[in-house]
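task: produce atomic coordinates for the following.
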Amino acid sequence: MTTTPAEAGGPNVPPSSPPRTPVEGRRAADRARPRMEIRNRQTAGLTFRADQWAAKKAGARATATVRGWGYAHLDEPDLDTAVRRLVQAAVADGGKRISVHLADQDQRILAVALSHVADAAPGGDDVLTELAALRTVVSCGSDLAPDGRRLWALLDAAPRPPRERRTGPAAGDEDGAGADV
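Numbering: from 1, shown residues only. This is a model prediction of the structure:
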C-alpha cells in the first residue's frame, strides 16, 4: 500500500492549482476598490507612458474613440485640445505613466487624466483657465486622490442649433427700400 506525502507527514507540497474558494483574509470584498466609478454609459480607458509624446497620442486616440461612439456633431478639435492639455498637466506631475478615462452621458463627454503620482502637488489654475476657454467645455476641474492627481473636463457634444438668418433689411439699407433698377 502506498501513502501520499501528506499522509506520511512528509513535506508540505503546495496544491497544483489555486484553491477555488478565497483564502481567508483575501476575500474579494477586502480588496481596494477603485476611487472613481463610472457606470451605465460608454467608457474607455487609455494608458500612456508619461513622456513628451503622450499628449499628442492621447488626443488622437481619445478623438478616435469618441468618434467611434457616433457623435456626429462633436467638436473634435476641442476634444483633442482638452485631452492634450489634461495629459500635459498630468505628465508634469512626474510619474511613469498616465491614464485617460472617457465616458459619455446625455450628449456630453467626460475626459479625465490621472497622473498616478501619489504625492502630486496641486497644479496651477492655468490649465483650467485654458480648458474653460474652449467653446464646448461645460466645466472642468482637478482634485488630489491617493492614486494621483485627477484633471477632468466635461465637453458638450450636442448638435449646435443652426444660426438664425437675418430676415430684416439688408445691411446699410436703413429704410428697408432697396435700390431697384
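
name the SS class of Asp78, please.
Reducing the assignment to helix, strand or coil with DSSP: H, G, I helix; E, B strand; the rest coil, the entry for Asp78 is helix.

sorry, wrong one. I was asking about Thr63.
Counting by three-state DSSP, the three-state call for Thr63 is helix.

which residues touch it?
Applying C-beta atoms under 8 Å, 6 or more residues apart in numbering to Thr63 gives the contacts 76, 79-80, 83. C-beta: built from backbone N, CA, C; applies to glycine.

format those as a markdown table; extra columns: pLDDT.
Supplementary listing: the contacts of Thr63 in a markdown table, determined by pLDDT from 0 to 100:
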| residue | pLDDT |
| --- | --- |
| Glu76 | 93 |
| Leu79 | 95 |
| Asp80 | 96 |
| Val83 | 96 |
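
may I ask which of those residues has the most neighbours?
Neighbour counts for the contacts of Thr63 were taken using other C-beta atoms under 10 Å; the highest belongs to Val83, with 30 neighbours.

show me what the one helix or strand that residue maps to is packed up against.
Counting by DSSP states H and E, the element that carries Val83 is helix 76-91. Counting contacts by 3 or more C-beta pairs under 8 Å, 6 or more residues apart in numbering; DSSP states H and E, helix 76-91 packs against helix 54-68, strand 97-105, strand 108-114, helix 126-132, strand 137-145, strand 148-156.

wait, isn't Lys96 in contact with Ala50?
Yes: in this structure Lys96 lies within contact range of Ala50 using C-beta atoms under 8 Å: 5.8 Å.

out of the two, which sits in the more crowded spot?
For Lys96 versus Ala50, neighbours defined as other C-beta under 10 Å are more numerous around Ala50 (19 against 9).

mind putting the helices and strands packed on helix 76-91 in TSV, mean pLDDT included?
Listed next are these as TSV, based on pLDDT from 0 to 100:
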stretch	mean pLDDT
helix 54-68	95
strand 97-105	93
strand 108-114	94
helix 126-132	92
strand 137-145	90
strand 148-156	92
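
what confidence value was assigned to Gly70?
Gly70 is assigned 89 on the pLDDT scale.

if you skip the residues just before and after it, what's nearest to Thr81?
With C-beta to C-beta, 6 or more residues apart in numbering as the measure, Leu134 is the residue that lies nearest to Thr81, at 6.2 Å, once sequence neighbours are left out.

my guess is that neighbour is in a strand, correct?
No: with three-state DSSP as the criterion, Leu134 is located in coil rather than a strand.

neighbours around it, how many?
18.

against Leu154, how distant is it?
Using C-beta to C-beta, to the nearest Å, one gets 11 Å for the distance from Leu134 to Leu154.

same question for Asp147.
Taken as C-beta to C-beta, the spacing of Asp147 relative to Leu154 amounts to 21 Å.

sounds good, over and out.
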